[in-house]
Each structure stands twice: as structure tokens, then as C-alpha cells.
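Undergrad: Curious how this folds, go ahead:
(chains A and B)
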Amino acid sequence: MRGSRDRGPRRTALCLGLLLACAPAATAAAADDAEVARLRAELAATRGALTSTQDELQATRNALAALERRVDGLQAAVPATPVPTPQGTARLAPVNVDNPAISFVVDVTGASATHASDGAIGFPDGTGFALRTGELFISAPIDPFLRGYASLSGSSSQGFDIEEAALVTTALPWNLTVKGGRFFADVGRFPHWHDEALPFVDRPPSIDRLIGGESKAEGAEVSWLAPLEQYVDITGGVYNTVGAENTDGVNRNGFFGRRSFNELTYLVHPHGYLDLTDTWNTEIGATWLASPQAGERTLYALDFTLRHQPGTSGFYQGLVWGTEWLWNNQRFAERDDTGLIVDHSRFQRQGGYSYLEAFFGRRYSAGLRLDYSEALQGLVDRERMASLFVTWMPSEFHRLRLQVDDAWGDQPSNQRVTLQWTAFIGSHSHGFSQR
Amino acid sequence: MASRSASRLARRLAGLLLAAGAFLGSVSPASAALRVVASLPDEADLARQIGGDRVEVTTIAEGTQDPHKVPVKPSFVVKLNRADALVVQGLGLEHAFVPALLEAARNPKILAGAPGYIDASLYVTPLDVPTSQSREQGELHPLGNPHFNLDPEQAKLMARAIAEGLARVDPAGAASYQENLARFTAVLERKIQEWQQLAAPLRGVKAVSYHEDMVYLARRYGLVMVGTIEVKPGVPATPAHVEELVETMKREGVRLVIREVAYEAGLADSLAERTGARVVTVSTLAGGLGTAGYVESIQADLEALVAAVQGAPR
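TA: Sure, this is the predicted structure:
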């Protein structure tokens, strides 16, 4: 009994001890449960918030998709809010985005003539293809006083050549401009145009025969714009000689290999323009070109152009009538078999053309050209040519032209069909003079 | 002997030229006003508004013309030769005629970069700046779409550039130019508010135009431009492109064919007939619809567009 009484306190003590020992753990367990419950509640709340956010996100996505569909439907052009008013920040004013301006012209032809012989008029090559022009053109201002340009050209018939390399002043007083170097002298209208800029497949035969192709020259020109209400300019020039294919002795060798001032070629070319009405205008020019040495060469030329250029919805339509006549008086040396000059002969020859071109719209034009020419020397060798030409321009830099020529005269007649394909790579412009 | 005769000839020619120059120089008209040449009618009107009595403004192109294709007439050279200032719209819009005319005008005062060369695009932020200069994309304007004058908000910036340019050439008139600029800007502000109301029916309306020149106007007034009659800028329509455009217009429900007055009417009429859209003629330049100036031109364009929309089938 005593033993059981003794065990009682001990058990109590043991229990108390156990209780005391276990109390912190029990307290901790109770605290963990509370924390877990709190965290669980927080987790549930966060999950709820996440679900809500996901719902909101989905709703936003749906709205976004709907907006995108709507925007797609409207081709992204309807502003939801007013277009912001520009505040205006000054940009650097562009002076020249192409400095230097560089271009290359590809001008090829395929032609077929009925008579392929040297005796036939005009085009002895029969049927074949030709690179008429592959021309690299470079131009740029050089400084505030000068600009320069160069034209390097190659072709099937003439090989490679520097056609032009010239400097032009831009800031001289009294409306003066000076040009120097190798360039096309300011003769008439078409003689100083590049081949690919002409409205025809070929250069008019009268110019080819009397000038010698383009009016290529080495020398200097002074041009003056008169201070009048109407446009009048006068060009004065001095050159070695004029004409890309001029084969006289002066061009080849000078006068016995040297020149003095009176053996150079001089030019005066007044030229005027008049607006007849808002849509009709006219240009007229006269050229005097001479080499004074013993009356070596004198050439007179007159050119006249009448244009109709309507300014509204028929803007691309129009009409051009152009005509040019040249008289050439030139002395040629006659040489013996050894090349010695034995005599001189003088020849007065003339020629010219007249053409009418109608522009039917932005892409099409067609015209008719009549040409008469005589040989520069020797037999007169009259040549007459009628040409019909049709031009189609898929774009401003791409052109196809078909020309049919019928030539007759002192030589056997000939007919030719030519298809010309011309394209301009880069920034191509021959500027005001070949407008 | 021959050498002496050539020298005499050269002296006579030089003397003749000098005498003619002296005579003709003496007949050159004198004027107190600043001689301003504007490439386009919009710039001319703005220059008149801002320059007031201090300027005498002449214009090269007319409102009915395509600014990309203005003929290079020698009579324009005479105008430019005497100009104290040249105002251009800029961004290359006048590339077809201004550079060639400047080349012949012999007037260094107005060459690009000189004080007298006033570029109205100076403060404009261009749209459609091409990322490639390839001509496969047509005749691109490397600096961006230059038809910003159709957005009257941009006209405020044009006016600012012109006022500053005139002051550069004529510093004595700077205060007057600023005063006129403020007055013109106030007029524009008032009209811009009116035009927002007037043009409200245009918002969301689908349209095609002949050339890509409606981007600024479309952005301002909410027109939806779906295509152009040109294949690419500067490249005339081909039959295949027209067929494709007809399909696109039908599919998109295009309601307007905008025909700029400088371009041919036939294609626009044909497209409208085939698609049920309505043709509306607008002008991209001031005066093209017979209006007097810039404000009147925008008014006329918007009225024409709204009238067409309100009469167009939905």
C-alpha cells in the first residue's frame, strides 16, 4: 500500500515532469498549426487573386485579340486617339543626297535593214544588235563656285571614250557662266544632246553628216543670260574644232600639227524662249560657227521648237514640233597618194530635219521625222529619210522605242526597222540643256 | 595677218557682249519688295501670308499640275535668276524641275544650302521614309513621303520654316514675318478645329488614290488607304495591277477612289464603275480645284471627300 502511495507521487511527479518537458513542444505544435492555417488561408487568397488576375489577363488578352482583329480589318489606319500635333524639330536641310550623282545608261538596239551594203543609204549593217551607248555619267558641285561632270561612253561602233569632262562655274556675276574642258558645244538644239536623250532611235542624219555626230569639242564657252522679261541667252565659244566624228585634217592633226588663234573654231549662239499661252511655248535659236583661217569652215544653223504642254488632267499629253536646218561651208584639203596636200576644194552643203511628236499619255508617244542631208565633201550624195517612231515608257527610267526608216536619194534606197531598249541606272539627268 | 584679224574678231565679239550686257542690265526692273519664287502654289500662298507687303511672290507650278512632272521651261529660269529667295516644299518633291532650273538660273543666292533656299519641310517629320532605295519599289523619295502639305498641322511647321527663311534673307522684316506667322497660325488653328468636325465622316472609310500622296491626310482624318492606281510610286498602272486592285477593293469594301486632279480620270472612273466605289477629285496642291489659297484648298478637298462618303454606297 505504502508502495502504491509512494508510486503515486512519483507518477505525479513523473507526469508533471513529462508535462513540463513536453509543454514547449506542445506549445510549438499549437503555434505551427496556427501558422499553417494562416499560410493556408493566405495561399488560398493568393490563389484566388491569381485566378482573378488570370481571368483579368485572359479578358485583357481577349480584348487585345479583338482589337487586333479590328485593326487588321481596318488596315491599321484608324487612329484611336487624335494624331499628335507635330512639335517640329529642325532637320538639316538636304543639299544633295547623291553627291556625286552617278548613273549608267544602257542603250541597246536590234535593227534590220533591207540593203546591207556600204553603198546603201544610212545604215549599212544589215541585221544585227548593237550597244549604242553604255554611258557612265557623274556630276556634282565641287565648291561654292564650280560644278563638274563627266560622261564616259562606250559603244559597239566607237569603242570607249570620254565623251565629256567639263567644269562649269556657278557663281559668276552678271549672269555669266563659263564652261571648260571637253563637252558638247552649244550648237543648235539636238547636236549637243546625248544619243539616249534624243526622241528618236538615231541622231538625225543631217546632224550626223554636217556636224559629225554630236558637237563634241575641247575648248571653253561663256554663256550669258540676258536680264529681260523673256528668256534670252547668248553663248560664245572657242574650241579646237567641233564634231565627234569630224574627220577633217584640223581635228586629226591641227593645221600641220599646231594651231594659232585663227585656226581655232569660234561659236556664237543666241537662243530665246517665249510662252505664247499657258500651254503653248516656242524656242528659237541661231548658230554661227567658224574657223577663220582662210575661211576653213563656216556653219550656220537655225532651230525652232513649238510645244503644247497642257497643265491639268491631260498633263502628260502634249505635242512637240521641232525643226533645225544647217548650212556648212568648208574647205577640204586634197592629198596625193603620199599624203601631201596638192590642192584645196570648198564645199557648201546643207541639211536639216523636222519632226512632230505627240504624247498620248504618261507612257506613250509617237512621231514622224523627215530629214534631208548632203555629204560634207565630195559628191553631193543627197539623202532623204522619213522615219516613224513609237515610244513606250514603262517607267521614267525605262524606255522601248520602235522606229521604221525609209531612206532614198542618190544612193540605192533602204528601209530599216529598229527596236531600241534604254534604261537608266542611278540618278540620271543631263539637266537643263537637254530638257 | 590672219592672227590679227582673229584678234579683231574676238575683241569685237567681247565688246558686243559687254555693250549688250550693259544695256540690258540697265533695263532690269527694280523692286523694293523681296522677290520670292515658290516652287508650288502652297508655298506661294504661305509665303504671301507670312511675307505680306514685304514680298512679291511668283509660282513655278500650277495647282492642277503633277508636282513630280513640272516641265522645265526657260521662262522659269528668268524668274529664278532674279529671285532673292526660293521656297520649296522639299523632301525631293520638286526633283524633276527645281535642280535643272537652278542649274540654269545663275543665281547662287538661292542654291540649295544658301540663305535664300527655303525648305518648307525643315520641321516636318516625314512618313514613309524608305528603308531601301531600290527602284524596284518605284520612284521613291529617299527622304520620305513629300505630300505633307495635305495635313494642315504640318502647314503650321511649313509656315514656321518659311517665316524663318524670309527673316534670314530679310532680317529687317523678321518682326513682321513673326507677326504674320502668328496670325496665320491662329487662322489655321481655328480651321483645324472646324476641319476635325467636318472630316469626322471620313474616319475608317476605305479608299484608294492614284498616287501615294494621301498618307498625311489619311493619318490626320482617319481614312484607310488600301492601295494606289499606280503600280508603285511613279510607275503607271498595268492591266494586271488594275485587276488585282479591283479584287482588293471588292474584298476590302473600298468606298472611295480618290483621283488627284493632275492625273487622268479614265482609270479612276473605270475602277469605281467596276467596284461600286465613288470617284472623288481632290487636289494635292493649292488652287487645283479653282480655290484661292492653302486654307481654301484643304477646305475644298475635305468637303469633296465628305460629300463623296456621304453619297457613297456602304
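
Undergrad: contacts, neighbours, all on C-alpha from now
TA: OK.

Undergrad: Could you check how many residues crowd around B:Lys250?
TA: Using other Cα atoms under 10 Å in any protein chain shown, B:Lys250 is surrounded by 14 other residues.

Undergrad: Repeat that for the one 3 residues further on.
TA: Applying other Cα under 10 Å, we find 18 residues neighbouring B:Gly253.

Undergrad: show me what contacts it?
TA: B:Gly253 makes contact with B:Lys206, according to Cα atoms under 8 Å, 6 or more residues apart in numbering or on different chains.

Undergrad: Could you tell me the phi and psi values at it?
TA: Here is the backbone geometry of B:Gly253 (degrees, to the nearest 10): phi 70, psi 50.

Undergrad: for the chain, what helix or strand is lowest in average pLDDT?
TA: Assuming you mean chain A. helix A:249-253 (a mean of 51; mean pLDDT, DSSP states H and E).

Undergrad: oops, I was thinking of chain B
TA: Every helix and strand of chain B was ranked by mean pLDDT, DSSP H and E. The lowest is helix B:2-26, at a mean of 50.

Undergrad: which SSE is the nearest residue to A:Ala111 once chain neighbours are set aside in?
TA: Of all residues not flanking A:Ala111 in the chain, A:Thr418 sits nearest, at 4.2 Å (Cα to Cα, 6 or more residues apart in numbering or on different chains). Here A:Thr418 sits within strand A:414-426, counting by DSSP states H and E.

Undergrad: Partner strands of that strand, with direction?
TA: Looking at strand A:414-426 with DSSP bridges, its partner strands are strand A:101-113 (antiparallel), strand A:398-409 (antiparallel).

Undergrad: in it, what counts as buried?
TA: Neighbour counts over strand A:414-426 (16 or more other Cα atoms under 10 Å in any protein chain shown) mark A:Asn414, A:Gln415, A:Arg416, A:Val417, A:Thr418, A:Leu419, A:Gln420, A:Trp421, A:Thr422, A:Ala423, A:Phe424, A:Gly426 as buried.

Undergrad: what's that strand in contact with?
TA: With contacts defined as Cα under 8 Å, 6+ apart, strand A:414-426 is touched by A:101-115, A:120-123, A:196, A:201, A:397-408.

Undergrad: residues in contact with the helix or strand where A:Glu218 lies?
TA: Assigned by DSSP H and E, A:Glu218 belongs to strand A:216-225. The contact list for strand A:216-225 (Cα under 8 Å, 6+ apart) reads A:163-164, A:174-185, A:192, A:231-244.

Undergrad: partners of it, with directions?
TA: Looking at strand A:216-225 with DSSP bridges, its partner strands are strand A:176-184 (antiparallel), strand A:231-242 (antiparallel).

Undergrad: Following the chain past the least confident helix or strand of chain B, name the next helix or strand.
TA: Assignment by DSSP H and E places the next element after helix B:2-26 at strand B:34-38.

Undergrad: is chain A contacted by stretch B:161-174?
TA: No: applying Cα under 8 Å from any Cα of the partner chain, one finds stretch B:161-174 separated from chain A by no less than 8.7 Å.

Undergrad: Which residue ranges of chain B form strands?
TA: Ranges of strands in chain B, per DSSP state E, are B:34-38, B:55-59, B:85-88, B:117-119, B:206-209, B:224-228, B:256-260, B:278-282.

Undergrad: on that earlier part again, could you tell me the least trusted of the strands paired with strand A:414-426?
TA: Averaging pLDDT over each of those singles out strand A:101-113 as the lowest, with a mean of 90.

Undergrad: what about dumping the CA coordinates of it to CSV?
TA: In CSV, the C-alpha atoms belonging to strand A:101-113 read as follows (Å, rounded to 0.1, in the frame of the first residue of the first chain):
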residue,chain,number,x,y,z
ALA,A,101,25.2,61.8,-108.8
ILE,A,102,26.2,58.7,-110.6
SER,A,103,24.3,57.0,-113.4
PHE,A,104,24.8,54.5,-116.1
VAL,A,105,22.8,54.3,-119.3
VAL,A,106,22.3,51.1,-121.2
ASP,A,107,21.1,51.7,-124.7
VAL,A,108,20.9,48.7,-127.0
THR,A,109,19.3,48.2,-130.4
GLY,A,110,18.3,45.4,-132.7
ALA,A,111,17.9,46.5,-136.3
SER,A,112,17.2,45.1,-139.7
ALA,A,113,17.8,46.9,-143.0
